[in-house]
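Colleague: Could you work out the structure for the sequence below:
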Amino acid sequence: MTTEEIMDWLSDVTDPEVPVLTILDLGIVRNVEISGTENNHSVRIAITPTYSGCPAMDVIAMGIRMVMAGHGVKNLTIEQQINPAWTTDWMTENGKRKLKEYGIAPPNRKLFRDLGLFEVEIVNCPRCGHTETELVSNFGPTSCKALYKCLSCKEPFEYFKCH
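Modeller: Numbering: from 1, shown residues only. Alright, predicted model coming up:
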């Protein structure tokens, strides 16, 4: 068993809140350690929540346990590593592409438009690509997403917030 094999197995674990993303797409797998003998491996996997107290982490940990058990790993430790805090910079470009194809605007590293007295974040509509969008609510169905509306195609959409 190698770290590369384990990472390949973990590519089957998806985020329960955004099922098109794997935990590798999100970049929440921080470390994999293998110890023990050839016939008696112990595996330790460190994961970082996207938000402190993220309710999806328990489901993700269960998904990791199920995948690892399916590959015969009996001695598994899953640790939540909260320092350093997760950032959308850890997301893969493939993950961002998947978000857009799914209809969720991916994080964009804070592009801004000057509106005189203040600036607003530019969030492209994932459906039509238009940049004229407006924030409807800072909080969507999950803490990591905001709700927007496209002023061009008039469609509502979610935005995966940068942090």
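
Colleague: how near is the residue most central in space within the chain to Thr48?
Modeller: In the chain, the residue lying closest to the centroid (C-alpha atoms, centre = their mean) is Leu26, at 3.2 Å. Using C-beta to C-beta, to the nearest Å, Leu26 is found at 9 Å from Thr48. C-betas here are computed from N, CA, C, even on glycine.

Colleague: overlap in contacts of these two?
Modeller: Trp90 (C-beta atoms under 8 Å, 6 or more residues apart in numbering).

Colleague: so the residue nearest to the centre of the chain touches Lys98, yeah?
Modeller: No. With contact defined as C-beta atoms under 8 Å, Leu26 does not count as touching Lys98 (10.4 Å).

Colleague: Give me the buried positions along the longest helix along the chain.
Modeller: Longest helix in the chain, counting residues (DSSP state H): helix 56-70. Burial within helix 56-70, assessed by neighbour count using 16 or more other C-beta atoms under 10 Å, is assigned to Ala56, Met57, Ile60, Ala61, Gly63, Ile64, Val67, Met68.

Colleague: what does stretch 88-98 give?
Modeller: Thr88, Trp90, Met91, Gly95, Lys96, Lys98.

Colleague: Let me see the domain layout of the protein.
Modeller: Following automatic domain parsing, one gets these domains for the chain: 3-86, 95-160.

Colleague: can these go into CSV with extra columns for mean pLDDT?
Modeller: Below are the domains of the chain laid out as CSV (pLDDT from 0 to 100):
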stretch, mean pLDDT
domain 3-86, 92
domain 95-160, 85
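
Colleague: Identify the spatial nearest neighbour of Gly2, chain neighbours not counted.
Modeller: To be clear, residue 2 is Thr; Gly isn't right here. Leaving aside its sequence neighbours, Thr2 sits nearest to Ile34 (C-beta to C-beta, 6 or more residues apart in numbering; 7.5 Å).
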